[in-house]
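**Q** Below is the structure, and that's it, no one-letter string:
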């Protein structure tokens, strides 16, 4: 495997309808929190790695409310369970948008899971 190289297969409407053309690109991490993939066709994928609050902090974060987490810092690694083989919901966009404003720079959502 080449370092920092990525490949993707275009699947319109689900994995059963995939294009046979593989698109090459590269990937990188953003600190220890996220990753970015840029493909040669101009698509950029960005997402945070998945993490969950440990149950000893809160069994139901929505019910408990934000005040339970007021003192939690990003460096409190004993607070979270990291799942680095999955991502949170991220976004896909064209690397160089057309037009320079958000109306002409469409963004789609995605999530990733290592297989």
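**A** Here it is on my side, so go on. Just so it is clear, the model here is predicted, and its values are computed rather than measured.

**Q** Dig out what the closest residue in space to residue 20 that isn't next to it in sequence forms beta bridges with.
**A** Excluding the flanking residues, the one nearest residue 20 by Cβ to Cβ, 6 or more residues apart in numbering is residue 9, at 7.7 Å. Every residue, glycine included, has its C-beta placed from N, CA and C. For residue 9, the beta-bridge partners are residue 22 (DSSP bridges).

**Q** Show me what the one helix or strand residue 50 maps to pairs with in its sheet, parallel or antiparallel.
**A** Here residue 50, judged by DSSP states H and E, is contained in strand 43-53. When pairing is defined by DSSP bridges, strand 43-53 lines up against strand 34-39 (antiparallel), strand 80-87 (antiparallel), strand 90-94 (antiparallel).

**Q** which of these is buried the deepest?
**A** For these, the largest average neighbour count (mean count of other Cβ atoms under 10 Å) is found in strand 34-39, namely a mean of 17.

**Q** Which residues belonging to stretch 12-32 are considered buried?
**A** Using 16 or more other Cβ atoms under 10 Å as the test for burial, stretch 12-32 gives residue 25.

**Q** Run through who's touching that stretch.
**A** Residues outside stretch 12-32 that contact it (Cβ atoms under 8 Å, 6 or more residues apart in numbering): 4-11, 35-41, 43, 46, 49.

**Q** one more time with 10 Å, if that's ok
**A** 2-11, 34-49, 74, 77, 82, 84, 95 (Cβ atoms under 10 Å, 6 or more residues apart in numbering).

**Q** Likewise for stretch 57-72?
**A** Residues outside stretch 57-72 that contact it (Cβ under 10 Å, 6+ apart) are 52, 53, 76, 78, 79, 80.
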